[in-house]
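Undergrad: here is the input, now give the coordinates:
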Amino acid sequence: ANLVATQITTTELIASSTVFAADTNITTQGYLASGDGGSGSWVQNGVTGQTVSQSPSQLAMALLNDAAGNQWALLFPSDINLNAVGGFAGDDVTLPVRAAIATLAANGGVITFPAARGLTYDYSSSISVSSSNIVFVGFGGDVGHDGGTGQLNQASTIFKWIGAVGDRMFELTTPEGEEK
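TA: Predicted structure coming up:
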């Protein structure tokens, strides 16, 4: 039985103790709030008895567990908008990016980083990519500043390292383990 719920966010789905049948499809309207860009289509995958109220970052995949212990999988996992797994500009996105990479590891796909005016995608520890065919897509390109105010004048996708000095933001290796 497929049920489409409206006006529910992903965090509300995580907190929900409503029991849904396997294969129930819910399209959330945002991650934290309706319209925040973190919408996603989730399907109850039939796995039950899981640790309750776990986010994609906590599970390290494009999965979530609701408050009833039911697991949900993100539909269309070959194209992941980072907002749909809880990664937003202005926050540390290390764990959501790792969850997206782990989800795409077997078959490849696209991780989209929406543009955000004046905000960066912060990383506190290294992101390791060793799978083929994972593409990072950002938007915007004008990183100029507006009249000396220090504010970006266009919405752009910008990565910022906030981790330890001397560490790396990205570690890229071939599937054979050769570092690039």
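Undergrad: my guess is residue 95 contacts residue 60. True?
TA: Yes. At 7.4 Å, residue 95 counts as touching residue 60 under the criterion of CB atoms under 8 Å. Every C-beta, even on glycine, is put in place using the N, C-alpha and C of the backbone.
Undergrad: who has more neighbours, those two?
TA: Set side by side, residue 95 and residue 60 show more neighbours around residue 95, with 20 against 16, by other CB atoms under 10 Å.
Undergrad: what about that one, distance to residue 75?
TA: With distances defined as CB to CB, to the nearest Å, the gap from residue 95 to residue 75 amounts to 21 Å.
Undergrad: list the buried residues for stretch 56-76?
TA: Taking 16 or more other CB atoms under 10 Å as the neighbour-count basis, stretch 56-76 is seen to contain the buried residues 56-66, 68-74.
Undergrad: same deal with stretch 114-122?
TA: Under the neighbour-count criterion of 16+ other CB under 10 Å, stretch 114-122 has 114-116, 119-122 buried.
Undergrad: where does residue 58 fall, phi/psi-wise?
TA: Residue 58 adopts backbone torsions of phi -70, psi -30, taken as degrees, to the nearest 10.
Undergrad: which helix or which strand is home to the closest residue in space to it that isn't next to it in sequence?
TA: Leaving out its chain neighbours, the residue that sits closest to residue 58 by CB to CB, 6 or more residues apart in numbering is residue 95, at 7.8 Å. Residue 95 is part of helix 94-104 when elements are defined by DSSP states H and E.
Undergrad: how far off centre is the helix or strand of the chain with the lowest mean pLDDT?
TA: Among the helices and strands of the chain, strand 170-172 carries the lowest confidence by mean pLDDT, DSSP states H and E, at a mean of 77. Between the centre of strand 170-172 and the centre of its chain there are 18 Å (CA atoms, centre = their mean, to the nearest Å).
Undergrad: who are the packing partners of that strand?
TA: strand 127-129 (3 or more CB pairs under 8 Å, 6 or more residues apart in numbering; DSSP states H and E).
Undergrad: number of residues surrounding the residue lying closest to residue 97 once chain neighbours are set aside?
TA: Counting by CB to CB, 6+ apart, residue 127 is the residue found nearest to residue 97 once chain neighbours are left out, at 5.5 Å. For residue 127, the neighbour count with other CB under 10 Å is 18.
Undergrad: pLDDT score for residue 127?
TA: The score at residue 127 is 88. That number is its pLDDT.
Undergrad: so it touches residue 167, yeah?
TA: No. The pair formed by residue 127 and residue 167 falls short of the contact definition of CB under 8 Å, at 11.0 Å.
Undergrad: which residues does residue 114 contact?
TA: Residues in contact with residue 114 (CB atoms under 8 Å, 6 or more residues apart in numbering) are 37, 81-83, 89, 139, 157.
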